Every structure is written in structure tokens, then in C-alpha cells.
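In: Below are the sequence and a predicted model for it; my questions follow.
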Amino acid sequence: MEINSINAAVLAKMFLNGAKNLEAKKEWINELNVFPVPDGDTGTNMSMTILSAAKEVSALTQPDMASIAKAISSGSLRGARGNSGVILSQLFRGFTKVIAKEQELTVPVLSAAFQKAVETAYKAVMKPKEGTILTVARGAADKAAQMAEETDDLVCFLGEVIEEAERVLKKTPDMLPVLKQAGVVDSGGQGLVVILQGTYDALLGKEIDTAIEAGPATEVRKITKETEAEITFGYCTEFIIVLNHPLTDQAERKYKAFLESIGDSIVVVADDEIVKTHVHTNDPGLAIQEALTHGSLSRIKIDNMREEHQERLIKDAQKLAAQQAAEKTQQAAESSKEAEYKDIGFIAVSVGDGLSEVFKGLGADYMIEGGQTMNPSTEDILNAVANVQADHVFVLPNNKNIILAANQAAALSEEKQIHVIPTKTIPQGITALINFIPEQTAEENESRMLQEIKNVRTGQVTYAVRDTVIDDKEIRQDDYMGIGDKTILAVGKDLEQVTLEMTESMIDDDSAIVSIYFGEEVNEDAANAIAEKILANHEDLEVEVQYGGQPIYYYLISVE
């Protein structure tokens, strides 16, 4: 069989089958987690990411290449979950930039699309690591470039590309020692190979069921709080540049640097044809003049935020006077209304009713239910941001696997400035909120929070789901494990002993406070007993015990 081109209908079938293949094998991919913890979620995250795009592709009635490209890019960007899901969405974003301009896909077009996919994904990750999905994608792209010189047959071309991706995947343990020690290949890379295999099966005409069903949404819950702050830059300025020529990377960096010199709340989304710009500045004319050097402008929108702020203050005063004059029943009704607009709001990702109550008490406006077992998507975060009545919205991911999705939400947000505080654990998120000072600017608060979360050490106690060896520690299935910020600190058969050993390894001469959050499977007496033993060894420490209610992890412990 020889195939020299792919039309839109065939591409849709290939993409949907890639999504279906990943969905069918997600649990197997989850089990490739390096740490043998019961929350491996790479397969789930990648599957939910691609299914978000697949639903949009399935909804197209008469798809052409441009509409399919848009559905894949938009659906995956907004549905991206976890680091692997965000990277996958960026691969799709780069890939679709190339194919969107074509009527049919040929070997040269697909080769160029693979190159753009890898380029876009690497650019999106601050510190790319080899031995991951990025390495597998780059290996496939390099092979695609080679094969483009040798054949016009898409069957031969894709077969060789996938074979190379599998070969690179098998080498990932040699690139990342932690994979080799755990005896697994990279789970994200495996997910990418599974997607490619599914698309190839569809190209070969294998019988497939490409029906896509909707998945469950992540729950978002609202709470209310009121604050006020000064506005540093008075004009919210937005416009689209219709480019005379595509921006080079250097030109894009120079443009962003100029905007940063005249304002803040900057969002620049560049394509080959347009650049969408958002900036808060005291001189919109300067932004417009700089933009005109790159092309013509459209959809210009300038709002005086100080004027709007004053109008809101007047309205607030009028409303307060009316409330004071009203009957008690009317006052009760008024108190249930949504919070008024403010300068800074907070979104926290949390799991466990006790931990969520802690965040609410510290002033979080929205809680996104999620964490180790369910990473919220980019769209979940954007939906939460839309409902926080604030110009500046701080997002506390509280999990290292949610930070990229939060950053992607920040890049996509059009009306509000999102500040992602890269909290990797719940205790870091709590510390960030504790250090918020309402009277100071968003930038000052962000700087302080970024500094303070560095002083928090976190330990988490759970159980092992398989036998393995990590950092010279032999782990057996069902052992208790105390996991620190970077590695496993304690392993054993006794929960209390493992918890104490883990905590002791985090305490040093500078430590002042130990906070213990006990999970849904632990009673308070057991948590208090651990606190007493810590105090017996460290009389100068302050030890706090609070109900967290988190699943899977018996204890979350922070040391500051």
C-alpha cells in the first residue's frame, strides 16, 4: 500500500483514533510513574488533554484542514492537564500551525509540521529535560526530516517515524537515571508513541470506532472576600497587529521588552500573521506607536482603569449607604451577593475538605478541586479566573504537575493579569497566602510570595504500589513512604515511624514551625502522638496539628 497525500477527512479519523488509542491505554501509562505512589496520572492527563481536542474535531460537520487545525489547537490548549498534557498541547499547537495552510498533507508538509511541533513545545518549557516526551518528539521529528529526503510514501514515512520514536523511548532510561533505577521508560514519551500508533492504524484503514464521549469536569467552588489597592498603570490597552512580516523570535522578545518598560499585565500572543497584545500602561500611545512599526492595527480598545475604579468606589459607597438604611432582612439579602470588584484575588488548587477550609480562611476566592489524582485543566483555571472579580488573579497550583497548565492559562487570559506562584505543595500555597499584604501592589506581593515559598520544606506520607529501588532505598509493595521535595526520605512498615523519620530529616537548626495535616484515613489522636514525639526531641519548635482530609496521603508535613 502506498499513500501520497492525506485529506481533511482522513486526518480527522487519524487524530480521533490516536485519541482513542491513548484513552484505551491510559492506565498502563499511569503505571509507568517513577515513584511507586498510587497517584500516577500521566496517562490520564494526556488522555483528557487530547480528548478535549477530539471532542471539538468530532463536532465539525464538514471539516477542512484549517477547521481541524483550529479544533485540535484550541481544544488541546484549553483542555491541557498536567505537565505532560501541556507539552502535548504545545506539540499540537506547533503541528497545526503548519497544516492549517494546506489542502492536503504530504510527506514534506508533515515533516515541516513535526519540526514546528518540537520547536513550539521546547520553547514552552522553561528548562527542558532530556529523556522525556520532548526527547521522543524530537527524535520523531529528526527522522521525519530524514525520511522526507527519501520517500513520498506516507505509509513508509510514518512507519519509520514511529519506529524511531519507539527506539528513542527505549533509550530514555539511559538519559534519566531515575527512570533506569525505577525500571520504566518515560510515561509522557510512551503516551506520545501510543497516539502516533493510533493515527498510523487509521491511515492503514484498520476498522476503528472514533466516537468521542465527554469526560467529567473538574469542580470549581466559590468563596468571597473584599480588598482594595492602588492602580499603578491607568490604561488597559488592547489591539491586534496585522503583521507586515512574521516576527522573528528576536523581534518578539524586543517587542515584549518594550511593553515591559512602559507597563505591566502584558500578554503577547504571536502568530505568523497577527500579534494579539494586552498591556496596562500610563501612555497607550507609546504602545500603539511601537506596534505600528510591525504592521497595521485593528480592534483597538483603551479603557481608563482609574476612572472605572473611581466609579466603582462611588457605587460601593452608595451601596453601603443604602445597606445601612435598609432593614435587617434586606441587609442579609445584600450580604449574599457576589463580592465587589477588587485589585487582587486568589485561586487555590486543593483536595481534602480540611485543607480547602484552611485556604478559605486565609482569603482564597476560589477553590479548584484537584491535585495528585486529578490535575485541573487550563480551561478549569481560566473558568475560575473569569469568576474572580479582580484585575490581578493569583493562582496557587500547589502541585508541580499543575504549574504548566496555570502558566498556559496566564498566557491565554485576555482580560485579567494572572500571577502564577509556582507552589509545588499545599504547604507552599498556605505560606504564600499567609504572606499576602492587601495594602501592597500585586507585584510586591508576588515578589514576597516567591521568596517565602523557598523557605518551606514539605514531606508527604503514602504507600507503595509496586516493588522498586529509588535512591538506594529498597521499596516493597504496600510499604509506607515519606517523600520529600526531591526524593524519598523514609521507607518502612510502620506508619508512625516512617512519618517521624521523614520529619526528622527535614528539620535543621533554622527550623521554627512544623505543621502536620492529617488525611482522611488518619485519626487526630495518631497525629497528636506524632506531634508530641517531635516536640520531645525539639522543645524549641512550634508544632501544629490540623485536619487536612486529603486522600491517598496520610500526612502532609511542612517545616519552616
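Out: That came through fine.

In: can you pull the buried residues of the helix or strand Ala54 falls within?
Out: Element membership for Ala54 (DSSP states H and E) is helix 42-58. For helix 42-58, the neighbour count (16 or more other C-beta atoms under 10 Å) marks 42-58 as buried. C-beta here means a position set from N, CA and C on the backbone, and glycine is covered the same way.

In: One more: stretch 508-520?
Out: Residues 511, 514-520 are the ones in stretch 508-520 that count as buried (16+ other C-beta under 10 Å).

In: measure it end to end?
Out: Stretch 508-520 has an end-to-end distance of 29 Å (C-alpha to C-alpha, to the nearest Å).

In: Now do that stretch: everything it contacts.
Out: With C-beta atoms under 8 Å, 6 or more residues apart in numbering as the test, stretch 508-520 has contacts from 352, 354-355, 426-427, 430, 503, 507, 524, 526-527, 530-531, 534, 538, 541-560.

In: Write a ChimeraX command that selects only the buried members of those.
Out: Selecting just the buried residues from the contacts of stretch 508-520 in ChimeraX takes one command, with 16+ other C-beta under 10 Å as the test:
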select :352,354,355,426,427,430,503,527,530,531,534,543,545,546,547,548,549,550,551,552,553,554,555,556,557,558,559,560
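
In: Now do the contacts for the residue positioned nearest the centre of the chain.
Out: Geometric centre of the chain, nearest residue: Ala405, 1.6 Å, by C-alpha atoms, centre = their mean. Contact partners of Ala405, counting by C-beta under 8 Å, 6+ apart, are 80-83, 85-86, 375-378, 381, 397.

In: Can you tell me which of the residues you listed lies closest to Lys25?
Out: Nearest to Lys25 among the contacts of Ala405 is Gly85, at 15.5 Å by C-beta to C-beta.

In: Could you confirm the closest one falls within a helix?
Out: Yes: Gly85: assigned to a helix according to DSSP: H, G, I helix; E, B strand; the rest coil.

In: which parts of stretch 356-375 are buried?
Out: 356-360, 362-372, 374-375.

In: I'd assumed Leu450 was in a helix, is it?
Out: Yes: judged by three-state DSSP, Leu450 forms part of a helix.

In: Quick check: the gap between it and Asp343.
Out: 19 Å (C-beta to C-beta, to the nearest Å).

In: who's more crowded, these two?
Out: For Leu450 and Asp343, the more surrounded residue by other C-beta atoms under 10 Å is Asp343, and the numbers stand at 18 against 15.

In: helix/strand/coil for that one?
Out: Applying three-state DSSP: Asp343 is strand.

In: from memory it sits against Phe394, does it?
Out: No: counting by C-beta atoms under 8 Å, Asp343 does not reach Phe394; the two are 11.0 Å apart.

In: okay, and the common contacts of these two?
Out: Counting by C-beta under 8 Å, 6+ apart, the common neighbours of Asp343 and Phe394 are Ala442.

In: In contact with Phe95, which residues?
Out: 72, 113-114, 116-117.

In: thinking again about what came up before, between the contacts of Ala405, which is closest to Asp186?
Out: Asn83 (11.7 Å).

In: Could you count how many residues lie near the nearest residue to that closest one once chain neighbours are set aside?
Out: Spatial nearest neighbour of Asn83, excluding adjacent residues (C-beta to C-beta, 6 or more residues apart in numbering): Leu404 at 4.8 Å. Neighbours of Leu404 under the rule other C-beta under 10 Å: 27.

In: quick one: which helix or strand includes Leu404?
Out: helix 403-412.

In: Averaged pLDDT, that helix. What do you get?
Out: What helix 403-412 shows for mean pLDDT is 91.

In: Pull out the CA atoms of it and give them to me as PDB.
Out: Only the C-alpha atoms of helix 403-412 are listed here, as PDB (Å, rounded to 0.1, in the frame of the first residue of the first chain):
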ATOM      1  CA  ILE A 403       2.200  24.700  37.200                       C
ATOM      2  CA  LEU A 404       2.500  24.500  33.400                       C
ATOM      3  CA  ALA A 405      -1.300  24.400  33.000                       C
ATOM      4  CA  ALA A 406      -1.600  27.500  35.100                       C
ATOM      5  CA  ASN A 407       1.100  29.300  33.100                       C
ATOM      6  CA  GLN A 408      -0.700  28.300  29.900                       C
ATOM      7  CA  ALA A 409      -3.900  29.800  31.400                       C
ATOM      8  CA  ALA A 410      -2.000  33.000  32.100                       C
ATOM      9  CA  ALA A 411      -0.900  33.200  28.500                       C
ATOM     10  CA  LEU A 412      -4.400  32.700  27.200                       C
END
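
In: and that helix, which residues are buried?
Out: 403-410, 412.

In: Check stretch 144-164 too.
Out: Counting neighbours by 16+ other C-beta under 10 Å, one finds that the buried residues in stretch 144-164 are 144, 147-148, 154, 156-158, 160-162, 164.

In: Closest one of those to Ala9?
Out: Leu154 (14.9 Å).

In: Tell me who's in contact with the closest one.
Out: 3-6, 105-107, 110, 203.

In: cutoff 6 Å now
Out: By C-beta atoms under 6 Å, 6 or more residues apart in numbering, the contact list for Leu154 reads Ile3.

In: before we move on, back to that, out of the contacts of Phe95, which is nearest to Leu243?
Out: Lys116 (17.5 Å).

In: Was I right to think that closest one contacts Arg93?
Out: No: with contact defined as C-beta atoms under 6 Å, Lys116 does not count as touching Arg93 (8.9 Å).

In: How much space separates Lys533 from Ala527?
Out: 11 Å.

In: what does Val465 give?
Out: Taken as C-beta to C-beta, the span from Val465 to Ala527 is 24 Å.

In: the more surrounded of Lys116 and Arg93?
Out: Here Lys116 and Arg93 are compared on neighbour count by other C-beta under 10 Å; more neighbours surround Arg93, at 22 against 19.
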